[in-house]
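Colleague: 3D, please:
(one chain, ligands or ions: 1)
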Amino acid sequence: MNNYQTKTNALIFGASRGIGLGFVKALLEKQDVNIYATYRRTNLSTELLSLETTHHQTLHCLAVDVTKEDQITNLSDYIQQQTESKLHLVINCVGILHQGTLQPEKSLKHINLENLVYYFQVNSIASVLIAKHFMPLFCHSNKSILAFISAKIGSIHDNHLGGWYGYRASKAALNMFMRTIAIEYSRKCSQTIVVSLHPGTTDTDLSKPFQKNIPPHQLFSIEKTVNQLLEVIYSLTANDSGYFISWEGNRVLW
Ligand SMILES: NC(=O)c1ccc[n+]([C@@H]2O[C@H](COP(=O)([O-])OP(=O)(O)OC[C@H]3O[C@@H](n4cnc5c(N)ncnc54)[C@H](OP(=O)(O)O)[C@@H]3O)[C@@H](O)[C@H]2O)c1
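Modeller: This is a model prediction of the structure:
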């Protein structure tokens, strides 16, 4: 991705489990990446934290709840000091579909104000806060990527089934934030490509309760998803900035 220097700096949000942890493992295989990885709950991050012990020179794990803006600010300040203000790859893998009593709504009667707000806080607003506080780390002359993991279910064009109000709408809002961020970044950090990515249905805790009707060939392992997304990420060009791109490399209709 970066042709001009030997070591690149990557930051993965939501690396405790699932796709985020998969990105960390894949990046550890590369020799030239210095990795920052965030987790929220220590008890769910044992694999990540043990990787940090075995790869202490390349992997640095930091606790962040993305609903807390001060924690995002502190993380940005810390990484600016550690990297001389240079990040080359940031992937936000944080997302929720279900968590305790928060479950995707099957119908309007299940709409709950607090749950709806929480979907937007985690799935949409966190990304615009990340774009705000990490902009100084993208103001350099190397090609860089800021990617948000979205979901095709957030495509308004593709919504033929209904339901899942909060998740769908929060991912659609994420895509609008991403598009708007891409326009501002193109003016202020013109070497940064900003995208939303659809990973495809992936075998993680998030999809686990909803996997029974998915044909096996459409349910990707985490490794497969991460490899497909990294291939897409490494092939992105400036013309892709501001678009919602699937694991196949195609633009998803809004
Ligand atoms: N899996 C799929 O089929 C699929 C399909 C389409 C899109 N996606 C999207 O892909 C992304 C990754 O999903 P996944 O399947 O890997 O899910 P996952 O295994 O459930 O992992 C979700 C991650 O988000 C973190 N997180 C949740 N709320 C947080 C908060 N407030 N602050 C900080 N971290 C928080 C979790 O941390 P904790 O461990 O602390 O909970 C965990 O690291 C999500 O955006 C999801 O919407 C997934």
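
Colleague: nearest spatial neighbour of residue 173, chain-adjacent residues omitted?
Modeller: Distances taken as Cβ to Cβ, 6 or more residues apart in numbering place residue 124 nearest to residue 173, at 3.9 Å, with adjacent residues excluded. C-beta coordinates here come from the backbone N, C-alpha and C atoms, glycine included.

Colleague: the one you found belongs to a helix?
Modeller: Yes. Counting by DSSP: H, G, I helix; E, B strand; the rest coil, residue 124 is part of a helix.

Colleague: surely it meets residue 174?
Modeller: Yes. The criterion here is Cβ atoms under 8 Å, and residue 124 meets it with residue 174 at 4.5 Å.

Colleague: who has more neighbours, these two?
Modeller: Taking other Cβ atoms under 10 Å, residue 124 and residue 174 do not tie; residue 174 has more neighbours (26 against 23).

Colleague: does that one lie in a helix or a strand, and which?
Modeller: Here residue 174 sits within helix 165-188, counting by DSSP states H and E.

Colleague: for this protein, what spans make up the helices?
Modeller: Using DSSP state H, the helices found in the chain span residues 18-28, 46-54, 69-83, 113-120, 126-134, 165-188, 222-235.

Colleague: what residues does the stretch 101-250 of the chain put near the ligand?
Modeller: Applying Cβ under 6 Å from any ligand atom, we find that the stretch 101-250 of the chain lies next to the ligand at 122, 149, 151, 199, 201-202, 204-207.

Colleague: of those, closest to residue 228?
Modeller: residue 199 (7.9 Å; Cβ to Cβ).

Colleague: find the nearest non-adjacent residue to that closest one, please.
Modeller: The nearest residue in space to residue 199 (Cβ to Cβ, 6+ apart) is residue 225, at 4.8 Å.

Colleague: kindly state the pLDDT recorded for that neighbour?
Modeller: Confidence at residue 225, expressed as pLDDT, is 98.

Colleague: quick check, pLDDT for residue 1.
Modeller: With respect to pLDDT, residue 1 has a value of 53.

Colleague: check residue 85 too.
Modeller: For residue 85, the model assigns a pLDDT of 85.

Colleague: do the same with the one 4 residues further on
Modeller: Residue 89 is assigned 98 on the pLDDT scale.

Colleague: ditto for the one 10 residues further on
Modeller: Residue 99 is assigned a predicted lDDT (pLDDT) of 96.

Colleague: pull the CA atoms of stretch 59-75 into CSV?
Modeller: The C-alpha trace of stretch 59-75 is given here as CSV (Å, rounded to 0.1, in the frame of the first residue of the first chain):
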residue,chain,number,x,y,z
LEU,A,59,1.4,-5.1,18.2
HIS,A,60,0.1,-2.5,20.7
CYS,A,61,-3.3,-3.0,22.2
LEU,A,62,-5.4,-0.2,23.8
ALA,A,63,-8.7,-0.2,25.5
VAL,A,64,-11.3,2.0,23.8
ASP,A,65,-15.1,2.2,24.0
VAL,A,66,-16.0,4.0,20.8
THR,A,67,-19.2,5.6,22.4
LYS,A,68,-16.8,7.7,24.5
GLU,A,69,-15.4,10.6,22.6
ASP,A,70,-12.7,11.4,25.2
GLN,A,71,-11.3,7.8,24.8
ILE,A,72,-11.1,8.3,21.0
THR,A,73,-9.3,11.7,21.6
ASN,A,74,-6.8,10.1,24.0
LEU,A,75,-6.1,7.3,21.6
